[in-house]
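1. next comes the sequence, and after it the predicted model I'd like to discuss.
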Amino acid sequence: MRLTLLSRSVSVPSTARLAAAARARGHSVRVLDPVQVEMHLDGTRAQLLYRRRKVALPDVVLPRIAQSITTYGLAVVNQFGMLGVPVMNTASAIAQARNKMRCLQLLSAHGISVPATVMARSAGDLKAMVRLVGGVPVLVKLLGGADDRGVMVCETLNSLEAALEAILGLGHNLLVQEYVRKAGRDVRVLVVGGKALAAVRRRPRMNRLAYTLNRGARFERITLTEAQRRAAAEAARLIGLEVAAVDMLDVHGHPKVFEVHSSPGLAEMEKAVGQDLATPIVVRAEQIARERPPALDPSPLPAMSRRQRPAPRPLKRARASC
């Protein structure tokens with residue numbers, strides 16, 4: 001199998017793990033930086049160039065698009081799909097996951113439980129906003145921020161007010177979301193091909209706006225309940241992701257999904273669970289490559305032969321005027 005990884009660098013830990021796992025299974029792997037991919041359209045053909053050279057189409061593409069290059073990166077993913085190359089996470093699915101509010105709206109509309117959430121453009125009545133989500137602590141999410149760096153945990157009204165002033169002052173939209181104070185209730189589940197493979201619980205540092213949900217947090221392996229397993233798999237399916245990390249709160253044994261990630265980090269999670277998580281992703285890529293039709297050749301469309309060309313219609317004689 002010829003696998004293309006779309007990633008800013010082969011030195012990114014998750015990209016390196018996936019490349020190593022694929023090569024260990026005898027596959028050819030190429031890592032392309034999406035911002036160096038050039039796209040060409042002219043109405044009859046579509047092409048991809050990398051550093052001015054035509055890209056040989058692979059059997060399957062695994063995108064790991066950085067948040068900072070979302071718009072350009074998703075155009076590259078979409079172009080591969082237009083050329084008939086199977087893509088593990090499609091451009092539309094990645095875009096859906098990265099729009100935090102629309103993602104929650106979709107999940108909620110299909111019966112997936114989500115935490116109480118308020119979307120705000122201005123701070124307004126801060127106390128009323130907090131009451132709607134059940135009081136502090138709360139999650140504050142910067143809409144359009146990086147998957148992990150756009151989330152803060154605020155335990156007090158004072159810390160929340162400081163966060164809102166900073167974020168809203170920059171003109172960003174935000175979400176204020178229910179959070180659970182008790183440690184161990186924040187769960188991340190890795191889903192591949194519709195199956196929940198592994199899960200960790202995160203113990204974030206609280207009362208520190210400088211730390212996000214992941215940075216400085218401790219990861220511990222957990223055994224999923226059947227309800228958590230179903231919620232994670234269904235959330236990934238609804239968003240349309242083959243590879244996803246589903247974040248949820250465990251509230252009295254009832255899972256509430258609060259975010260879905262399209263490019264989950266593998267290194268920290270593998271270390272926490274003591275399990276190879278890259279190989280199952282490669283195995284799923286193999287299945288997709290077998291199940292989907294072969295990639296199309298991005299050559300010009302063939303000219304129609306004379307037989308294929310429609311016959312010219314006979315000209316109608318003009319009627320003589322009286």
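-> It's in.
2. need the strands for the stretch 201-322 of the chain, in chain order.
-> 218-221, 243-251, 254-261 (DSSP state E, counting those that start in this stretch).
3. out of these, which is closest to Leu139?
-> strand 254-261 (7.1 Å; C-beta to C-beta). Quick note: C-beta positions are derived from backbone N, CA and C, even for glycine.
4. can you name every helix or strand that that closest one contacts?
-> helix 100-109, helix 226-239, strand 243-251 (3 or more C-beta pairs under 8 Å, 6 or more residues apart in numbering; DSSP states H and E).
5. paired strands for that strand, with orientation please.
-> strand 243-251 (antiparallel) (DSSP bridges).
6. how close does the residue nearest the centre of the chain sit to Val153?
-> With distances taken as C-alpha atoms, centre = their mean, the chain has Ser262 as the residue nearest its mean C-alpha position (2.1 Å). For Ser262, the distance to Val153 equals 22 Å [C-beta to C-beta, to the nearest Å].
7. one step back: redo the strands of the stretch 201-322 of the chain as CSV? Include mean pLDDT and mean neighbour count.
-> Formatted as CSV, the strands of the stretch 201-322 of the chain follow (pLDDT from 0 to 100; neighbours: other C-beta atoms under 10 Å):
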stretch, mean pLDDT, mean neighbour count
strand 218-221, 88, 14
strand 243-251, 93, 24
strand 254-261, 94, 23
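8. so for His110, which of these sits nearest?
-> strand 254-261 (10.9 Å).
9. kindly export that closest one (C-alpha atoms) in PDB.
-> What follows is strand 254-261, C-alpha atoms only, in PDB (Å, rounded to 0.1, in the frame of the first residue of the first chain):
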ATOM      1  CA  HIS A 254     -23.700   9.100  32.100                       C
ATOM      2  CA  PRO A 255     -21.300  10.300  29.300                       C
ATOM      3  CA  LYS A 256     -21.600  13.800  27.900                       C
ATOM      4  CA  VAL A 257     -19.600  14.500  24.700                       C
ATOM      5  CA  PHE A 258     -18.000  17.900  24.700                       C
ATOM      6  CA  GLU A 259     -15.600  17.800  21.800                       C
ATOM      7  CA  VAL A 260     -14.500  15.700  18.800                       C
ATOM      8  CA  HIS A 261     -10.900  16.000  17.400                       C
END
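10. pretty sure Tyr50 contacts Val35?
-> No - under the criterion of C-beta atoms under 8 Å, Tyr50 is not in contact with Val35, lying 10.7 Å apart.
11. please identify which of these two sits among more neighbours.
-> A count of neighbours by other C-beta atoms under 10 Å puts Tyr50 above the other of Tyr50 and Val35, at 17 against 13.
12. which strand residues bridge that one?
-> Beta-bridge partners, per DSSP bridges, of Tyr50: Val37, Arg53.
13. residues touching it, list them.
-> Residues near Tyr50 by C-beta atoms under 8 Å, 6 or more residues apart in numbering: Leu32, Gln36, Val37, Glu38.
14. now it: how far from Gln79?
-> Remark: distance between Tyr50 and Gln79 (C-beta to C-beta) = 12 Å.
15. again, but for Gln67
-> 20 Å.
16. and Leu168, what element?
-> In this assignment (DSSP states H and E), Leu168 forms part of helix 157-169.
17. counting contacts, what elements does the helix or strand just after that helix pack onto?
-> With elements assigned by DSSP H and E, the helix or strand that comes after helix 157-169 is strand 174-178. Secondary-structure packing of strand 174-178 (3+ C-beta pairs under 8 Å, 6+ apart): strand 117-120, strand 138-142, helix 157-169.
18. for strand 174-178, which positions count as buried?
-> Residues Leu174, Leu175, Val176, Gln177, Glu178 are the ones in strand 174-178 that count as buried (16 or more other C-beta atoms under 10 Å).
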